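1. Model the structure of this input:
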Amino acid sequence: MSAPPRPVLDKPRHVRYWQRCLKTCLPEDYTSTDLNRMTLGCFSVAALDLLGELPFLTSPEDRHGWIEWVYRNQLPTGGFRGSPAADLGSASRWDPPNVSATFFAVATLVNLGDGLERLKRREILQLLPKLQREDGSFGECLLPATEDEPETLVGTTDMRFVYMAVALRWMLRGQAGMGCPDIPDFDVDKTVAYIRSSQSYDGGISEKPFGESHAGMTYCAIAALSLLGRLDASGLQSVDSLTKWLVHRQVPFEEKDGMDEDDWQEILETGTEEEKEAAMRVERGADGRPIWGGFHGRCNKKADTCYSFWVGASLEILKKLYLIDVNANRRFLLEKTKHVIGGFMKLPQPGGFPDILHSFLGLAALGLMREEGINRLDAALCMSMQAKERLMALDWWAEGRSQI
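-> Numbers count the residues shown, from 1 in each chain. Purely as a prediction, here's the structure:
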């Protein structure tokens, strides 16, 4: 079978989707994520930046207002909260800065072109060592001490916190993380050892030692090592087994993957052998390759839009992206998970809706593949090269000074 015509990114439709996300009320389903508003805002701003439309389709007044909103969530002690809804006034023990909100806040300011003059940079850098555990991992936030309670580090052991702490260090220390010598740093060697110990027997990386390999955690680990300049034998047990594990996350699209779960279950229970075989059919092009091929994050899972980025970016950092079937992945995104109103769905199933996380990561994955109409992407920071270069052009970053 010959492949269908090459799909085209409907850029105007995606731009309108992101304009709605930034300027109008989000659907009711987002109510439960109100405390993560900083994250949603970061993805929305970064998406328009990737599409190259942020300075053209938003006004200076819009961008100034968003910058002011981000700074209103900066805490007096440094760092950020995830939403104004978390402002508990005098109960400051329960309103501490957390590493996730701080990462997304700083990334948003960078994407918006802010000079970071008002950022409590020193305080954030001083906080990071306090968030580090003895094993080299990081907690999410530090609850301050009270008369009745000691200072408490909270948050699960999670490679995502490792990545965010490392990315903040890189963005705020300057000189590729080597600036600000007067501010105590966290223990880089312990963090690298923690990442190394989290590489599993199959080559993938888990959230912690002896855990299950996961593509999202693998990206966080690889990107962190890259930003630390330790993407070598000290940070990885085996690059070859890691590469093999990542490449094997690409899976062909089967007809059942585009079905409603109930319909597929009915075929399994009552369908004929011919119906079952048809549902598991893989369409192939004249070259014998699957026409559509997405990525999953773990063995025996369905292909999911976000893993096109988590896996693709990991391979890009390792300079191995050429090993995947780029055309099959591109078709998977543009023909199976893109949505008619713009954005991308999580899974290629009927009745699905786009969401902010998967819509941004779908764009970012296409950016890795040099899609026309999308700006070049820095895989380790997950932001446009233009935004990264604006940060690196700031005087204090280039000179590695601790004071802005």
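2. make it CA atoms for all contacts and neighbour counts henceforth
-> Noted.
3. Quick check: which element contains residue 360?
-> Here residue 360, judged by DSSP states H and E, is contained in helix 356-368.
4. pLDDT on that helix, on average?
-> Across helix 356-368, the average pLDDT comes to 97.
5. ok now that helix, how far from the chain's centre?
-> For helix 356-368, the separation from the chain centroid amounts to 9 Å (computed by Cα atoms, centre = their mean, to the nearest Å).
6. quick one: residue 215 and residue 301 touch, right?
-> No. Look at residue 215 against residue 301 with Cα atoms under 8 Å: they stay out of range, at 11.6 Å.
7. ok, the two, which is more surrounded?
-> The residue with more neighbours, out of residue 215 and residue 301 and counting by other Cα atoms under 10 Å, is residue 215; that gives 27 against 11.
8. pLDDT below threshold where in the stretch 101-250 of the chain?
-> For the stretch 101-250 of the chain, the stretches flagged by pLDDT under 70 are 176-177.
9. Now do the helices in it.
-> In the stretch 101-250 of the chain, the helices defined using DSSP state H, counting those that start in this stretch lie at 121-131, 159-173, 188-197, 215-228, 239-247.
10. In JSON lines: these, plus distance to residue 42.
-> Listed next are the helices of the stretch 101-250 of the chain as JSON lines, based on distance: least, Cα to Cα, whole Å:
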{"stretch": "helix 121-131", "distance to residue 42": "19"}
{"stretch": "helix 159-173", "distance to residue 42": "14"}
{"stretch": "helix 188-197", "distance to residue 42": "26"}
{"stretch": "helix 215-228", "distance to residue 42": "18"}
{"stretch": "helix 239-247", "distance to residue 42": "27"}
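11. Those: which one's closest to residue 338?
-> Evaluated with Cα to Cα, the helices of the stretch 101-250 of the chain place helix 215-228 nearest to residue 338, the distance being 20.8 Å.
12. If you count neighbours, what's buried in the closest one?
-> Within helix 215-228, the residues that qualify as buried are 215-228, counting by 16 or more other Cα atoms under 10 Å.
13. What of stretch 114-132?
-> Applying a neighbour-count criterion of 16+ other Cα under 10 Å, the buried positions in stretch 114-132 are 114, 116, 119-122, 124-125, 127-129, 131-132.
14. so what does the one helix or strand residue 264 maps to touch, helix or strand wise?
-> According to DSSP H and E, residue 264 maps onto helix 261-270. Contact analysis of helix 261-270 by 3 or more Cα pairs under 8 Å, 6 or more residues apart in numbering; DSSP states H and E lists helix 273-279 as its packing neighbours.
15. Now do the strands in the stretch 201-350 of the chain.
-> Along the stretch 201-350 of the chain, counting by DSSP state E, counting those that start in this stretch, strands occupy 250-252, 293-295.
16. which one of those strands has the most crowded surroundings?
-> Per-stretch averages of neighbours, counted by mean count of other Cα atoms under 10 Å, single out strand 293-295 among the strands of the stretch 201-350 of the chain, with a mean of 27.
17. Now do stretch 76-92: everything it contacts.
-> Contact with stretch 76-92 is made by 34-39, 72-75, 94-102, 105, 120-121, 123-124, 144, as judged by Cα atoms under 8 Å, 6 or more residues apart in numbering.
18. Can I have the buried ones of those as a PyMOL selection?
-> The PyMOL selection below is limited to those of those classed as buried (16+ other Cα under 10 Å):
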select buried, resi 35+36+37+38+39+73+74+75+95+96+97+98+99+100+101+102+105+120+121+124
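19. Counting only strands, which of the contacts of stretch 76-92 make the cut?
-> Counting by DSSP state E, no part of the contacts of stretch 76-92 is found in strands.
20. Would you mind giving the strands of the stretch 201-350 of the chain as TSV with distance to residue 184 added?
-> Output for the strands of the stretch 201-350 of the chain, formatted as TSV (distance: least, Cα to Cα, whole Å):
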stretch	distance to residue 184
strand 250-252	42
strand 293-295	40
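21. Show me the one of the ones you listed that comes nearest residue 163.
-> Distance to residue 163, taken as Cα to Cα, is lowest for strand 293-295 among these, at 21.5 Å.
22. For the closest one, the averaged confidence score.
-> Computed over strand 293-295, the average pLDDT equals 96.
23. which residues are in contact with that strand?
-> Residues from elsewhere that reach strand 293-295, judged by Cα under 8 Å, 6+ apart: 249-253, 302-305, 307-308, 311, 325, 328-329, 331-333.
24. out of the strands of the stretch 201-350 of the chain, which comes closest to residue 347?
-> Comparing the strands of the stretch 201-350 of the chain under Cα to Cα, the one sitting nearest is strand 293-295, at 9.9 Å.
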